[in-house]
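Undergrad: Give me a 3D structure for the following:
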Amino acid sequence: MNFWKKLFTSRFFIITVCTALLISIIPTVLTAMGQGSYVRGFLQTVSMPFRWAFTKAGEGLRGYSEYFTTIDRLREENESLRRELEENKSRVYDASLIEDENRFLRGYLGIKSEHYDFTFQEASVIGREATAYSVVYTLSAGKMSGIEKEMAVISDSGLLGYISETGTVWSRVIAITEVSAAAGVFIERSGAAGLVRGTADLHGSGLCEMIRIPVDADVRQGDMVVTSGVGSFYPRGIPVGEVIEVSTDPATRLQRATVRPYADFSRVSRVMVVTGYAGEDTTDE
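TA: Reported below is the predicted structural model:
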């Protein structure tokens, strides 16, 4: 009771009531006197801050809604672009596989057409070990596929190396750039003979050298080096590489040539193992 008595007799309550009465009475009196325009102006002035606040609040809500709508749209566009990118990647990958397949088959058929007496076993490269001393490849085929030690291995473009070890379903290949993979060779253009092997100086460069070339032999930059079938287990006629430099050893007065192999040792993925060829010595020792 005391609370309500204090409230009704308080200065704040009296001022509030008087203000409310004036706000309600004055517009009515002015309107009755034909001064409604003043009433409207007064009301517009008084309500302007409120209308401005409500307008900004509405704009804010619309912007908030548009923001999330834009976010959703961008997410959908990003997802669509991601799917399209994945599809394009898949197409590029498939095209790359087809190109690799075609390149391998072209190389294989080219060698096969020149060496119809060769028999081959296809294999995939499933491992590659590169150390400071050697480069060794592991193949997906072994004894069950007729692969034995000391068989020549070729890529789609040239000689890769030879089989150094075999298992039931795997085998290992020593690259032609290693000393132990030396092969008797000759220059296709001139017939100059020699021996291709890897060296410590060239190891890791992907190059090898042709040695024991007579000083008067005709060897030039750009010449093709081919296996001779002499003094090694490689059959005759397999492309080895291209001569990129020729020099003379002052100590022996013999020529030597730096050879860039045709086989791409860093990218090879499929090979053919020469499991047999005409002229092969099959007699037991």
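Undergrad: Using the three-state scheme, assign Val173.
TA: Per DSSP: H, G, I helix; E, B strand; the rest coil, the secondary structure class of Val173 is strand.
Undergrad: quick one: it from Pro214, how far?
TA: Distance, Val173 to Pro214, by Cβ to Cβ, to the nearest Å: 31 Å. In this view, the C-beta of every residue, glycine as well, is placed from N, C-alpha and C.
Undergrad: of those two, who's got more company?
TA: Per other Cβ atoms under 10 Å, whichever of Val173 and Pro214 has more neighbours is Val173, with 26 against 13.
Undergrad: okay but the more buried one is in contact with Gly161, surely?
TA: Yes. Assessed by Cβ atoms under 8 Å, Val173 is found in contact with Gly161 at 4.8 Å.
Undergrad: what residues do the two have in common as contacts?
TA: Tyr137, Val153 (Cβ atoms under 8 Å, 6 or more residues apart in numbering).
Undergrad: residues touching Val259, list them.
TA: Applying Cβ under 8 Å, 6+ apart, we find Val259 in contact with Val196, Leu207, Cys208, Glu209, Met210, Val225, Val240, Gly241, Glu242, Val243, Ile244.
Undergrad: Number of residues surrounding Leu81?
TA: Look at Leu81: counted by other Cβ under 10 Å, it has 10 neighbours.
Undergrad: can you give me the strands for the chain?
TA: Along the chain, counting by DSSP state E, strands occupy 119-130, 135-139, 152-154, 159-166, 171-175, 183-187, 193-197, 208-213, 224-227, 239-249, 254-261, 270-276.
Undergrad: Show me the shaky parts of the stretch 51-200 of the chain.
TA: Low-confidence segments of the stretch 51-200 of the chain, defined by pLDDT under 70: 51-68, 70, 87-115, 132-133.
Undergrad: And Thr227, how close does it get to Glu77?
TA: Applying Cβ to Cβ, the value for Thr227 to Glu77 is 58 Å.
Undergrad: Much appreciated, bye for now.
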